[in-house]
Structure formats: C-alpha cells, structure tokens
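Colleague: take this sequence and fold it.
(2 chains)
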Amino acid sequence: AQKITQTQPGMFVQEKEAVTLDCTYDTSDPSYGLFWYKQPSSGEMIFLIYQGSYDQQNATEGRYSLNFQKARKSANLVISASQLGDSAMYFCAMRERSNTDKLIFGTGTRLQVFP
Amino acid sequence: EADIYQTPRYLVIGTGKKITLECSQTMGHDKMYWYQQDPGMELHLIHYSYGVNSTEKGDLSSESTVSRIRTEHFPLTLESARPSHTSQYLCASYQGNTIYFGEGSWLTVV
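Modeller: Purely as a prediction, here's the structure:
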C-alpha cells in the first residue's frame, strides 16, 4: 500500500535562510507523482511543486525546489530565502498513476519563519 | 485559478440532522476526491471517484456517502450528523499533474 511519511511535525527557520522539509514515500508502482502543498491558517490548499517518477531532473518553481532521490524514496522540499509569509503547514502527497488513482497525504510539517 | 467550489463554507447543525456538502467543478475533470481534516492535522481521504457512477471509499472509514451522477458534481452526505463529524471537509479534483482544491467546508455538529 502506498504511504507518505513526514517526520518533522514542526520546523523553525530564520527569515532569508533556506529550509528543507522531509518527505519519504513507499509504493510498489513504478509510475507515480509527488506533490507539495502549502496550507496557511486560512485553510486553503496552495499547490507548490510536482515531481513525476520518470522526470530526469528535480522540479523547481521559483524559491521552491524538490530534492528527489528515487532510490531512497524521498522527495524533500527545499525553500530558499524564507519569508515570513512562508509560515504555514506543508503537506507532501503522492498519486500512483497505474493503480487506484488515490491521492494520499502525509501528516504535514508546520513551518514557522522568524525575523 | 481553480474552478472548484464548495458550499457551505461554514455550517453549524444539531446532532441527528442530515447534511449535504456540495462540491462542483467546471473543468470537466473525471477524478474527484473528498478529504476530512481536523485543524492543523493531516488530510484523510474518505471518498474518491473516477467518473460518473464511479465512487470508492478512501482510507479513513467514514459514515458519509457520496454520489457522482454528473461529472461536475460530487456531493457528500451525512444522514445523521454527530459531534464526531465536526471537521473541515475538502473537495478536490485532479487533471494532469495538478490537484485542485476547493476552499473547504467547516462543519460543526453540536
């Protein structure tokens, strides 16, 4: 069964510094997609970045990059130059393409950026 | 901007009442999902659908039911609400490499 693990319940980072949020996954499906979402206190889910299992390069979107290590089954999110507005919950998610098409999420990491 | 809508956004109802949470998307997506999330906690998949007349239960057991009679509409129903159903319910649809979320429905059962 597919599974997503986020082992960091909370993280602190100083403004303008970089931070890495960990995500490991488990699947037997060779074809899958990995997502990161941000959820501020307002509750909306904001899409950040996507990585496909067959993508050759690590995904990047502005200040967000995904450190994809397929053999280790990890998909860590790197946020560069943190801003106060980055304070939020961050969720890693996975979709198995050739199976049930379920989308499952990790338990999340609460990031707090301080001045 | 995603065209996926949830109503109501906020609802307080009494125990034993029947409630339907609406979710509609105008993007023509076949795959749709319902998640239950307590504040600051993980998202639990409770129902999903591949398309019209196709629904499946998710990983978290739920007393709710869903239907998918039209592609754009995926309502969730609680026949008899209980305080344990108090939570946020998030609807989502999927196409390509993006999951689109609605703004969520905050349900409080008193």
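Colleague: interface residues of chain B facing chain A?
Modeller: Chain B comes close to chain A at residues B:31, B:33, B:35, B:40-43, B:45, B:48, B:50, B:56, B:58-59, B:88, B:90, B:92, B:94, B:97-99, B:101, B:103-104, B:106, as judged by Cβ under 8 Å from any Cβ of the partner chain. Glycine gets a C-beta too; all of them are placed from N, C-alpha and C.
Colleague: restricted to strands, list the residues you listed.
Modeller: Among the residues of chain B next to chain A, the residues falling in strands (DSSP state E) are B:31, B:33, B:35, B:43, B:45, B:48, B:50, B:56, B:88, B:90, B:92, B:94, B:98-99, B:101, B:106.
Colleague: now for the residues you listed: which two are most distant?
Modeller: B:50 and B:106 (27.6 Å; Cβ to Cβ).
Colleague: after the worst-scoring helix or strand of chain A on mean pLDDT, next one along is what?
Modeller: Using mean pLDDT, DSSP states H and E, the weakest-scoring helix or strand in chain A turns out to be strand A:103-105, at a mean of 87. Using DSSP states H and E, the helix or strand that follows strand A:103-105 in sequence is strand A:109-114.
Colleague: that next one pairs with which strands, and in what direction?
Modeller: When pairing is defined by DSSP bridges, strand A:109-114 lines up against strand A:10-14 (parallel), strand A:88-96 (antiparallel).
Colleague: dump that strand to CSV, restricted to CA.
Modeller: The C-alpha coordinates for strand A:109-114 follow below in CSV (Å, rounded to 0.1, in the frame of the first residue of the first chain):
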residue,chain,number,x,y,z
THR,A,109,5.1,19.9,8.8
ARG,A,110,4.4,23.2,10.4
LEU,A,111,7.0,25.7,9.4
GLN,A,112,7.5,28.9,11.3
VAL,A,113,9.7,31.7,9.9
PHE,A,114,11.0,34.2,12.4
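Colleague: off-centre distance for that strand?
Modeller: The chain centroid and the centroid of strand A:109-114 are separated by 14 Å under Cα atoms, centre = their mean, to the nearest Å.
Colleague: what of stretch A:59-69?
Modeller: 9 Å.
Colleague: what residues does that stretch touch?
Modeller: With Cβ atoms under 8 Å, 6 or more residues apart in numbering or on different chains as the test, stretch A:59-69 has contacts from A:20, A:34, A:36, A:48-51, A:55, A:58, A:74-81.
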